[in-house]
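S.K.: Structure here, sequence nowhere to be found:
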């Protein structure tokens, strides 16, 4: 019995310095972390850089390949009268999600791997890129999507026109409001996942996060497709919806087309606000107790908050932050 007690004593004292775990461990590696400076609204100098145009070409090619593979998969499922003879809805979802995973992995180091105007719009609102680059990306994404859908039609014109061309429409039995809501929520999930997977602070703390980023993004696309294919065919990507609509060019493809721009842009904006206003400032304050001002560019865009870069935290806000931090002394101002 005494021998066992001695073993326990030795084991307990073997490591004199306890290693932090959980959130304590997360806070030790990034104490000196500095938030990257926001991108300027306009950056004319980019227009003289080859890397700017290379990134746009990468977005064009990626969106082209995305539409080509995904629309071909949709056509293959649509032409079959037997669900057992095709990959079905699950296969379509895997096609979209898998292509996003592969293409984000390939282009992340060149353009950021957006492949979606809604993602570009959300990152622009968070000042992750300039307006100049955002507009250029969206144009190249839309052109790539149109070309990708056009190649599918060129290969299989009869099949393409006879099976809806992969165009997004609100399914019978659902209202336009249902379709709009599905697009808003679906895009929110995608863009929020993008923000979380590419968060610079997490990347600085955990070296594996940048490598794994394409996986959760692709998986989010897969899951959203499983949920919303029966409602709208799943847009959550205005370029994908535009490319199919332009090449298919039938009245019913254009009747609901506005939903697939308005919905994704609203969803992307909500995700950007949620991440930049709610999530990121909390993390910054939690890691730097005593910070009395929040420097979030998004607050400058919201009339109700005016500009948090020049207004101290309210008494309620400071008190709330105090409850979220351990041993902090955030003052009530």
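M.R.: Now that the structure is in, tell me what you want to look at. Computed from a prediction, not measured in an experiment: that's the story for all the values here.
S.K.: Can you give me the distance of the closest residue to residue 63 other than its chain neighbours to residue 190?
M.R.: Excluding the flanking residues, the one nearest residue 63 by CB to CB, 6 or more residues apart in numbering is residue 144, at 3.4 Å. Just so you know, the C-beta spots here come from the backbone N, C-alpha and C atoms, and that holds for glycine as well. Counting by CB to CB, to the nearest Å, the gap from residue 144 to residue 190 is 18 Å.
S.K.: Kindly report the same for residue 232.
M.R.: Residue 232 is 14 Å from residue 190, by CB to CB.
S.K.: tell me what the helix or strand harbouring residue 152 is packed against?
M.R.: Using DSSP states H and E, the element containing residue 152 is helix 131-155. The contact analysis (3 or more CB pairs under 8 Å, 6 or more residues apart in numbering; DSSP states H and E) places helix 131-155 against helix 50-78, helix 117-125, helix 157-162, helix 238-248.
S.K.: sorry, back to before: residue contacts, the residue nearest to residue 63?
M.R.: 59, 60, 61, 62, 63, 64, 66, 67, 239, 243 (CB atoms under 8 Å, 6 or more residues apart in numbering).
S.K.: Any chance of TSV for those residues, columns pLDDT and distance to residue 253?
M.R.: Output for these, formatted as TSV (pLDDT from 0 to 100; distance: CB to CB, whole Å):
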residue	pLDDT	distance to residue 253
59	98	24
60	98	23
61	98	25
62	98	23
63	98	19
64	98	20
66	98	19
67	97	15
239	98	15
243	97	11
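S.K.: What subset of these is buried?
M.R.: 59, 60, 61, 62, 63, 64, 66, 67, 239, 243 (16 or more other CB atoms under 10 Å).
S.K.: possible to save those residues as TSV with distance to residue 121?
M.R.: Output for those, formatted as TSV (distance: CB to CB, whole Å):
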residue	distance to residue 121
59	14
60	18
61	21
62	17
63	15
64	20
66	17
67	19
239	11
243	17
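S.K.: And those residues, which is closest to residue 123?
M.R.: Nearest to residue 123, judged by CB to CB, of those is residue 59 at 12.5 Å.
S.K.: Okay then, goodbye and thanks.
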